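Participant: Sequence plus the predicted model coming up.
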Amino acid sequence: MLVAAAVCPCPPLLVPEVAAGAASELDAARTACIDALGVLAAARPDLLIVIGPADVDGRGPHPEGSQGSFKGFGVDLDVRLGLGGDPGASAERPLPPSLAVGAWLLARADWADAPVEGLGVGETLETERCASAGRELAARAGRVALLVMGDGSACRTLKAPGYLDERAVSFDAEASRALAVADLATLSALDESLAYELKVAGRAPWQVLAGAAEGAGLNGRLLYEDAPYGVGYMVATWF
């Protein structure tokens, strides 16, 4: 059963070594993410699962001990998912960037409260399949916690990765409100096609979360919401 969740953005720029001279611009987001992980630890889960968007190579389960790297972003920095597992067994299938950022956050928070696994999901995964995957995750252990990695729209400004789209602000506002109050119905109703057009990396992971939270009766709290670099970033906790 799902007992807690943390929702965090997943840009590699969250890692100070990647952001370099611009690292301070995301200090507030990093602090909120670490605070959110504290809520997960307080829930005392039997299992923590990190969910994030992934391309074809990164989709599917990633066992504890899986490795990730930020070398593709010009930084010689490696991360590992959790403290256990066999890192050698998964060396040929690295963590997708979203899960690597999640692993970095867990290491920064000194996570040692429960075993950790990862799940990469396609950004275009259909809503019902997201919900089904979430239900399966919630049934994995008596007390399951989720770290849900994903960004909002990438079209909030002219300099955003997806350029300016006037629909982006309202989409992010709706998602933010839903995450703030653990509104499963609103998250499940987010438009797949519009999310794809707005380059929303978090839509599928959020809908996996909605499926996992069915019947759990969790409350929500929004810790951070902003759009640096024209991309919607949100941090929320469900408990």
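Facilitator: Yep, that arrived.
Participant: Glu64: neighbour count?
Facilitator: 19 (other C-beta atoms under 10 Å). In short, each C-beta sits where N, CA and C put it, glycine included.
Participant: Could you give the bridge partners of the residue sitting nearest the centre point of the chain?
Facilitator: The residue lying closest to the centre of the chain (C-alpha atoms, centre = their mean) is Met149, at 0.7 Å. Met149 forms beta bridges with Cys8, as assigned by DSSP bridges.
Participant: so what's the nearest residue to Glu126 once chain neighbours are set aside up against?
Facilitator: Of all residues not flanking Glu126 in the chain, Glu192 sits nearest, at 6.8 Å (C-beta to C-beta, 6 or more residues apart in numbering). By C-beta atoms under 8 Å, 6 or more residues apart in numbering, the contact set of Glu192 is Thr124, Glu126, Thr127, Arg203.
Participant: Distance of the second one relative to Gly150?
Facilitator: Here the criterion is C-beta to C-beta, to the nearest Å. By it, Glu126 lies 16 Å from Gly150.
Participant: ok, the two, which is more surrounded?
Facilitator: Between Glu126 and Gly150, Gly150 has the larger neighbour count (other C-beta under 10 Å), namely 27 against 12.
Participant: shouldn't the more buried one be in contact with Lys199?
Facilitator: No: counting by C-beta atoms under 8 Å, Gly150 stays clear of Lys199, with 11.5 Å between them.
Participant: before we move on, the earlier item: any idea which of the contacts of Glu192 has the most stuff around it?
Facilitator: Highest neighbour count within those: Arg203, with 29 neighbours (other C-beta under 10 Å).
Participant: Flag the shaky bits of the protein, pLDDT-wise.
Facilitator: 87-91 (pLDDT under 70).
Participant: Show me where it has its helices.
Facilitator: 16-19, 27-42, 97-108, 127-138, 168-181, 184-188, 192-197, 203-212 (DSSP state H).
Participant: Ala54 is nearest to which of the ones you listed?
Facilitator: With distances scored as C-beta to C-beta, the stretch of the helices of the chain nearest to Ala54 is helix 97-108 (6.5 Å).
Participant: which residues touch Leu119?
Facilitator: Ile49, Val50, Ile51, Gly52, Gly60, Pro61, His62, Ala133, Leu137, Val208 are the contacts of Leu119 under C-beta under 8 Å, 6+ apart.
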